[in-house]
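Colleague: Got a predicted structure plus its sequence, pasted below:
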Amino acid sequence: MKQSWLILGASSAMARAFGRAVAEQGADVFLAGRDAGDLQRGAADCVLRGAGKAEYVPFDARKPAGFAAICERLALQDGMLNVAVFVGSMPEQSAVDADPALLDPTVQDCFTGPTRFLHEFAPLMEARGGGTVVGVGSVAGDRGRYSNYVYGSAKAGFATYLSGLRNRLTRSGGHVVTVKPGFVDTAMTWGLPGLFLVASPDDVARDILKAVAKRKNTIYTPFFWRWIMLIIRHVPEAIFKKMSF
Amino acid sequence: MRWKTDEYSGWGRVLRATGERARPEKTNALKAILREGGLPAIGNLRSYGDAALNSGGRAVDMTRLDRLLAFDPETGILEAEAGVTIGEILRLFLPKGWIPAVMPGTGFATLGGCIGHDVHGKNHHVAGSFGQHVTRIDLLGTNGRVRRITPEGNPDLFRATIGGMGQTGIILSAAIRMIPATSPLMDLRESRIDTLAEFIAMLDASTATYCVGWIDATAKGATLGRGILEEAEIGSHGQMPKAPRHKSVPFNAPGFLLSSPVVRAFNHLYFRRVPVGGRRLDRAMADFFFPLDKVHDWNRLYGKSGFHQFQCVLPEAPAREALAKMLEQIARSRLASPLAVLKKLGPGRGGMMSFPMEGFTLAVDFPNRPASAGLIRELGDIAADAGGRIYLAKDALASAATIAGMYDEREAFAAAANAVDPAHALETDLTRRLKLRDAT
């Protein structure tokens, strides 16, 4: 059956790698984001890599008024509809501390924007009786940390929504994969000090595709982050609250 | 844009630079960087010396601007962003029956890097250099404006850009000519060669489209110049082989690995791998063109002090004598590694600073030991005396005076680059070391 993948936040390195991977499988690809010029180039790239077709669709997580048009466009597609959400923004915690107004756009980009979209899109998937949602969260969402808890809490909210959406879509044959990447070598992490075991965007894309094929519920990528986060989640709060990392 | 400040090096790891690098993932981000000032672009750091280094300054890493933009199956012309690698182009287009007309010895080289060094391949004697198959370049000037240049419309700037080491602007994207490939396999013939005279005669007589020789740089006396000649054509049958699993070298190897007795023993066995009467075999295209790419980070085999590659080209007439002299000196030095290549080049070159000239090219790797620099300078002198040329993509040791005598269009190149980059913002450690942009 024909597969269509809508990729939200398609300019990011991880999204680009994922878009290329599904293009090589022959899917139709819809690249959603704000930078039209960049995404049109991305669409040409996907076609040359094997996509049935590739189109740019305008998407801004902070402007839900535009969501309906995307849903209408995708409704014209035959076959299965799939969505991968790579949207998000990560301001420095110190910047948010200095200007609490930065909290709102962060939550919009990481949580309320994409979930509002998925809520509009879910009925389309239910009507087709299948399809997969890939939601990219973060290990930062597993526990609020001193150095990154605004971003972390927005990603935690997103993960909780995905868990509920999984519960809902399962009833109609659909599926939701929650992806929690550790450190990935992207523009977001370029030049940051103190990173270790950094994965490439292509590695992450490969892990996500595997998880989609196997209908995994939640994956950590690279896999060992599951064990790292298991430990971090189990540090007693009495100790954790004194830690700063 | 966030900048990463650290030490980086070319493939040989002898020359190093500390400086700030940005790695934009979108064209707009690259243009924003340029608003902070001009800077040289770098690719996958596969040149050996300092061509991609800018000590104390800034550089922009182009590897994330790597999209394919258009392909016309009527003309075989592919347009892509500069950061895409040749190996990726081969991987994606071979199943469709197309390959780049010229491919360098590593698939990790970027499109921008291949243009900037006007690289050559195993088919140089028939196909010419990489730059001769470039039909168009989108060049981002230090002023932030994009200029589309072609060989017909901008002959001087185009010829200064091909092989121009990034000195005329940042190569944003380019269109290259691809050639049809009827099979994913190469039809390869390997022959043992016993002497240098035989090697030169065989290279001269070969009618193969792809032709390259491995030479045992440790052999001396009666066996001086022995090796294996590889002649190949694109096959006419065969299925896409499965993508191989890559191995990588996880750490710096200890020095004895490339000590003289080990290399001699290795070369002895490598030579005898091919039966006396030669042999024919099918080889996957990527393995034929990029034989070392299967082992990621193989430069670590040379340990943390790194290595040099000496590569020169010699005009045909004096080549025989000069090659014999070089090989004798190399064998005597006991410094050679197993990696040594002898190949015939044709006259094809795309730019003012292009390396190729009609004749023979010799490339030999040497671990970075105290005596290596002296040996490489002596080899450079032999090349200079013979009217030859040293390859700037490989060099880490030559002097400005030596190079000036080898590249007769250097002044025209400097004038063209200085006209579009009067502030010298695109200079690298290489161009400063060899004074490539000095107006004289």
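Modeller: Alright, I've got the coordinates.

Colleague: since we're on the residue of the stretch 251-400 of chain B at minimum distance from chain A, how many residues are nearby?
Modeller: Closest contact between the stretch 251-400 of chain B and chain A, by C-beta to the nearest C-beta, is at B:H296 (12.3 Å). All C-beta atoms are positioned from the backbone trio N, CA, C, and that covers glycine. Burial of B:H296 is recorded as 14 neighbouring residues (other C-beta atoms under 10 Å in any protein chain shown).

Colleague: For the residue nearest to B:I42 when sequence neighbours are not counted, the count of nearby residues, please.
Modeller: Closest residue to B:I42 apart from its sequence neighbours, by C-beta to C-beta, 6 or more residues apart in numbering or on different chains: B:A52 at 4.1 Å. Using other C-beta under 10 Å, B:A52 has 30 neighbouring residues.

Colleague: correct me, but B:A52 touches B:T428?
Modeller: Yes. Look at B:A52 against B:T428 with C-beta atoms under 8 Å: they come within range, at 6.9 Å.

Colleague: Overlap in contacts, these two.
Modeller: Residues touching both B:A52 and B:T428 comprise B:40, B:59, with contact defined as C-beta atoms under 8 Å, 6 or more residues apart in numbering or on different chains.

Colleague: quick one: contacts for the residue of the stretch 251-400 of chain B closest to chain A?
Modeller: Neighbours of B:H296 in contact, by C-beta under 8 Å, 6+ apart: B:246-249.

Colleague: run the last query once more with 10 Å
Modeller: B:108, B:246-250 (C-beta atoms under 10 Å, 6 or more residues apart in numbering or on different chains).

Colleague: any idea which element A:G130 lies in?
Modeller: For A:G130, there is no host helix or strand (DSSP states H and E).

Colleague: Find the nearest non-adjacent residue to it, please.
Modeller: Per C-beta to C-beta, 6+ apart, closest to A:G130 is A:G173, 4.5 Å.

Colleague: wait, is the one you found part of a strand?
Modeller: No. Counting by DSSP: H, G, I helix; E, B strand; the rest coil, A:G173 is not found in a strand; it is coil.

Colleague: Quick check: pLDDT value at it.
Modeller: pLDDT recorded at A:G173 is 97.

Colleague: before we move on, the earlier item: wouldn't the residue nearest to B:I42 be in contact with B:G10 here?
Modeller: Yes. In this structure, B:A52 is within contact of B:G10 by C-beta atoms under 10 Å, at 5.8 Å.

Colleague: Need the residues touching each of those two.
Modeller: Residues touching both B:A52 and B:G10 (C-beta under 10 Å, 6+ apart) are B:17, B:42, B:45-46, B:393, B:429-430.

Colleague: and those residues as a markdown table, adding pLDDT, neighbour count and secondary structure?
Modeller: Conversion of these to a markdown table gives the following (pLDDT from 0 to 100; neighbours: other C-beta atoms under 10 Å in any protein chain shown; DSSP: H, G, I helix; E, B strand; the rest coil):
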| residue | pLDDT | neighbour count | secondary structure |
| --- | --- | --- | --- |
| B:A17 | 98 | 21 | strand |
| B:I42 | 98 | 27 | strand |
| B:L45 | 97 | 20 | coil |
| B:R46 | 97 | 23 | coil |
| B:A393 | 98 | 26 | coil |
| B:D429 | 98 | 23 | helix |
| B:L430 | 98 | 27 | helix |
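
Colleague: who's in contact with the closest residue to A:G191 other than its chain neighbours?
Modeller: In this structure, A:G191 finds its nearest non-sequential neighbour in B:K4, 3.5 Å apart by C-beta to C-beta, 6+ apart. By C-beta under 10 Å, 6+ apart, the residues touching B:K4 are A:189-193, B:19-23, B:61.

Colleague: got the phi/psi numbers for B:K4?
Modeller: phi -110, psi 120 (degrees, to the nearest 10).

Colleague: what's the distance between it and A:P58?
Modeller: Per C-beta to C-beta, to the nearest Å, B:K4 is found 32 Å from A:P58.

Colleague: A helix includes A:D78, no?
Modeller: No. Looking at A:D78 with three-state DSSP, it is coil, so not inside a helix.

Colleague: With A:A213 as the reference, measure out to it.
Modeller: 21 Å.

Colleague: same check, this time on B:R332
Modeller: Counting by C-beta to C-beta, the gap from B:R332 to A:A213 is 59 Å.

Colleague: same check, this time on B:H308
Modeller: 47 Å.

Colleague: who has more neighbours, those two?
Modeller: Neighbours per residue, other C-beta under 10 Å: of B:H308 and A:A213, the larger number sits with B:H308, 28 against 9.

Colleague: on that earlier part again, can you pull the pLDDT of the residue of the stretch 251-400 of chain B closest to chain A?
Modeller: For B:H296, the predicted pLDDT is 87.

Colleague: next one: A:A127
Modeller: With respect to pLDDT, A:A127 has a value of 97.

Colleague: Then B:P244?
Modeller: The per-residue pLDDT reported for B:P244 equals 67.

Colleague: burial of B:H125, as a residue count?
Modeller: For B:H125, the neighbour count with other C-beta under 10 Å is 21.

Colleague: typo on my end, B:G105
Modeller: Neighbour tally, B:G105, other C-beta under 10 Å: 18.

Colleague: what do you get for the one 10 residues further on?
Modeller: By the criterion of other C-beta under 10 Å, B:I115 has 26 neighbours.

Colleague: Does it touch B:M353 like I think?
Modeller: No. Checked against C-beta under 10 Å, the pair B:I115 and B:M353 is beyond contact range at 11.8 Å.

Colleague: Mutual contacts of the two, please.
Modeller: The contact lists of B:I115 and B:M353 share B:161-165, where a contact means C-beta under 10 Å, 6+ apart.

Colleague: Which residues of the stretch 151-300 of chain B lie near chain A?
Modeller: B:S173 (C-beta under 10 Å from any C-beta of the partner chain).

Colleague: repeat that for 6 Å
Modeller: Counting by C-beta under 6 Å from any C-beta of the partner chain, the stretch 151-300 of chain B comes close to chain A at no residue.

Colleague: In the stretch 151-300 of chain B, which residue sits nearest chain A?
Modeller: In the stretch 151-300 of chain B, the residue that lies nearest chain A is B:S173 (9.1 Å; C-beta to the nearest C-beta).

Colleague: Just the residues contacting the strand or helix carrying that residue, thanks.
Modeller: Take DSSP H and E as the rule and B:S173 turns out to sit in strand B:170-180. Residues outside strand B:170-180 that contact it (C-beta atoms under 6 Å, 6 or more residues apart in numbering or on different chains) are B:41, B:76-79, B:81-82, B:97-98, B:100-101, B:111-112, B:115, B:133-138, B:140.

Colleague: Mark which of these are buried, thanks.
Modeller: Using 16 or more other C-beta atoms under 10 Å in any protein chain shown as the burial test, the contacts of strand B:170-180 include B:41, B:76-79, B:81-82, B:98, B:100-101, B:111-112, B:115, B:133-138, B:140 as buried.
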